[in-house]
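1. the following block contains a protein sequence and its predicted model.
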Amino acid sequence: MRQENSLRSAARAAAVLGAALIVTVPGTANAKTAGVTVRTPGATVGPATPFTGVSSHADCDHGLITGGGVDQAIGTGPDSNGNHVMGIAPSPGGTTEYTDTPGVVGHDVTHWLAFGGSGSHSSPSFSTTPYALCFESNRIRHTQVVMNKIAGPSTGLSDRLVTATCPTGTVLLGGGARTTPASVGSLKPIASFPTFNDAAHDFGKKAAADGETHPDSWTAVGGIGGGRDTNNTTYAYAVCSAGHDNVRHVVTTVHFREVSGPDEAATGQTATVGCRPEDGSLISGGAAISGGNVTTTDFTKTASGGPHLNGSFPSDSAGNPVGDGTAGPTHWTAATHAGGSPSPNSYTDGWALCLNAHRRGED
């Protein structure tokens with residue numbers, strides 16, 4: 001289980017050491033910078049009633065969004081089963097969402113939304129904290145958001161998978177997932193991960209594996225328990241570089257970790273994964289609760305309908321969320337929960353997406 005958020009100050013100090021990963025030489029001619037700073041406004045309380053949701057946003061005053069995350073407080077006892085992530089997605093500002101026509105929906109986005117939802121249990125202790133990863137680089141100066149969506153899942157104990165793919169000649173920088181509406185309490189995104197639009201990855205159904213480079217797509221999986229609704233929708237978002245930026249020597253590397261569990265009712269699990277110094281900077285991450293083997297087979301959900309995400313966020317190596325203003329975070333943590341029923345053979349999956357924006361041979 002994760003440590004309490006009171007450890008964030010200590011985590012921030014540790015994470016600042018990761019700033020050494022940022023390839024930045026201010027004032028030096030031809031230096032190729034690639035730096036990330038985390039912004040978070042803190043927690044938004046709620047939802048306080050069943051079958052409702054809350055939204056919160058983190059914003060970049062400087063730099064562009066490459067990715068973002070969410071962390072939730074869930075309380076204790078039976079109520080802890082009810083709070084779940086409903087979405088993590090780029091936004092044009094405030095609480096506005098990209099939910100209309102699929103395709104390129106935004107440019108140079110600087111806002112990130114996080115959504116929390118409640119099922120049949122709610123508690124005043126519920127809260128949702130958003131994180132924005134704000135990116136500055138003199139190699140990648142502009143970004144674009146690609147959205148794709150699919151109807152469902154709409155029947156009990158089912159899932160729906162959808163993939164957003166970056167335009168040819170651009171670089172995947174991050175992504176997100178969203179499900180609607182909040183009134184269907186067992187509907188939630190259960191996976192959000194980098195992948196490839198190719199046959200080897202079954203066109204997004206198989207996740208990027210540890211050490212793979214240059215993913216071009218982002219997949220979201222929506223899962224549902226016992227609820228049903230004909231208007232359910234699952235959205236995938238890919239944050240990509242702009243087509244006119246020179247990304248010839250930009251290298252993105254995926255790191256992945258899978259951990260067994262949570263299997264028992266009302267328990268949680270985490271998986272933390274990081275970037276190596278030679279990978280450059282952490283620019284985003286992903287999370288899933290699955291039936292396992294997500295990088296070698298098509299994604300499968302757990303047999304139970306209750307397992308859900310409670311977090312996907314930048315962290316220190318111990319899995320503690322980093323604080324507002326942290327420069328150069330080095331790790332990403334996925335936090336999952338079994339819900340109110342046993343969930344045997346469940347797995348927690350975490351991804352870190354790392355970027356090296358140097359030309360070969362440059363310091």
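-> That came through, no problem.

2. same for the host helix or strand of residue 86, what does it pack against?
-> Applying DSSP states H and E as the criterion places residue 86 in strand 83-91. For strand 83-91, the packing partners by 3 or more Cβ pairs under 8 Å, 6 or more residues apart in numbering; DSSP states H and E come out as strand 64-73, strand 111-118, strand 127-136, strand 172-180, strand 188-195, strand 233-241, strand 308-315. The C-beta positions use only the backbone N, C-alpha and C, and glycine is treated the same way.

3. that one: which residues count as buried?
-> The neighbour-count check on strand 83-91 (16 or more other Cβ atoms under 10 Å) flags 83, 84, 85, 86, 87, 88, 89, 90, 91 as buried.

4. okay, and for the stretch 1-150 of the chain, where does confidence drop off?
-> 1-34 (pLDDT under 70).

5. now the strands for it?
-> Here the stretch 1-150 of the chain has its strands, by DSSP state E, counting those that start in this stretch, at 35-39, 44-45, 53-59, 64-73, 83-91, 103-107, 111-118, 127-136, 143-151.

6. still on that earlier bit, tell me which of the helices and strands packed on strand 83-91 lies nearest to residue 166.
-> Comparison of these against residue 166 by Cβ to Cβ identifies strand 233-241 as nearest, at 3.6 Å.

7. which secondary structure elements does that closest one contact?
-> Using 3+ Cβ pairs under 8 Å, 6+ apart, strand 233-241 sits against strand 64-73, strand 83-91, strand 143-151, strand 159-165, strand 172-180, strand 217-223.

8. among those, which is nearest residue 337?
-> Using Cβ to Cβ, those put strand 83-91 closest to residue 337, at 7.3 Å.

9. helix or strand for the residue nearest the centre of the chain, which one?
-> By Cα atoms, centre = their mean, the chain has its centre lying nearest to residue 286, at 4.0 Å. Using DSSP H and E, residue 286 sits within strand 281-290.

10. and that strand, how far out from the chain's middle?
-> 5 Å (Cα atoms, centre = their mean, to the nearest Å).

11. repeat that for stretch 237-257.
-> Relative to the centre of its chain, stretch 237-257 is centred 16 Å away, using Cα atoms, centre = their mean.

12. and it, which residues are buried?
-> Buried-residue list, stretch 237-257, by 16+ other Cβ under 10 Å: 237-242, 245, 247, 250-257.

13. what does stretch 325-340 give?
-> Applying 16+ other Cβ under 10 Å to stretch 325-340 flags 326-340 as buried.

14. quick check: the two most widely separated of these?
-> Across the buried residues of stretch 325-340 (Cβ to Cβ), the longest gap, 39.7 Å, separates 327 and 340.
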